[in-house]
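sequence isn't available, so here's the structure alone:
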Ligand code: C2G
């Protein structure tokens, strides 16, 4: 039984997340995901749109995910690996090198990210739609110049 362990915020769940989780699930028999709590994201300096409980529920609904645990600190990875009996610790390669110190506990793997999609892109896209809508409404509301 090969156990794979990964961590992330998974805000505005998108196909980049799905493709990573699918590839991670193919590395072993079960995939444990540490989902960053809202409090931990504040420590990471990340402002999330979707609250932790919903991000956790979304991950639990993903066919590739066996179980979701809360990620509350940077330091919990070592004890999580031991408790879960993780054989592989894996992340997208934007984290390449950051977790090599865990190599004494588990095989450390970094997989290529999915290009051209990110939570930041989705937030910018939503903001652009909002601004366009506001301009349209302002245009509709302003009196036409005669
Ligand atoms: N990811 C990806 N392709 C994307 C976007 C994200 O493969 N287009 C991967 C990231 O590399 C990461 C995972 O999806 O492995 C989750 O991404 P985030 O939610 O952005 O995770 P992050 O905020 O980087 O948190 O302790 C580790 C941190 O909790 C990681």
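Yep, that arrived. In this text the structure is predicted, and so the values were computed from the model without any measurement.

ok, what's across the strand from the residue in the chain that the ligand sits nearest to?
Nearest to the ligand in the chain, going by Cβ to the nearest ligand atom, is residue 92, at a distance of 1.8 Å. (Glycine included, C-beta is placed from N, CA and C.) Note on residue 92: beta-bridge partners by DSSP bridges are residue 111.

burial check on it, number of neighbours?
Residue 92 has 19 neighbouring residues, counting by other Cβ atoms under 10 Å.

shaky segments in this protein?
The model of the chain has pLDDT under 70 over residues 145-146.

show me what contacts residue 9?
Each residue near residue 9 by Cβ atoms under 8 Å, 6 or more residues apart in numbering is listed here: 35, 36, 41, 44, 46, 48, 55, 119.

how about it: what's its closest non-neighbour residue?
Using Cβ to Cβ, 6 or more residues apart in numbering and skipping the chain neighbours, the partner closest in space to residue 9 is residue 36 (4.5 Å).

how far away is that neighbour from residue 94?
According to Cβ to Cβ, to the nearest Å, residue 36 and residue 94 sit 15 Å apart.
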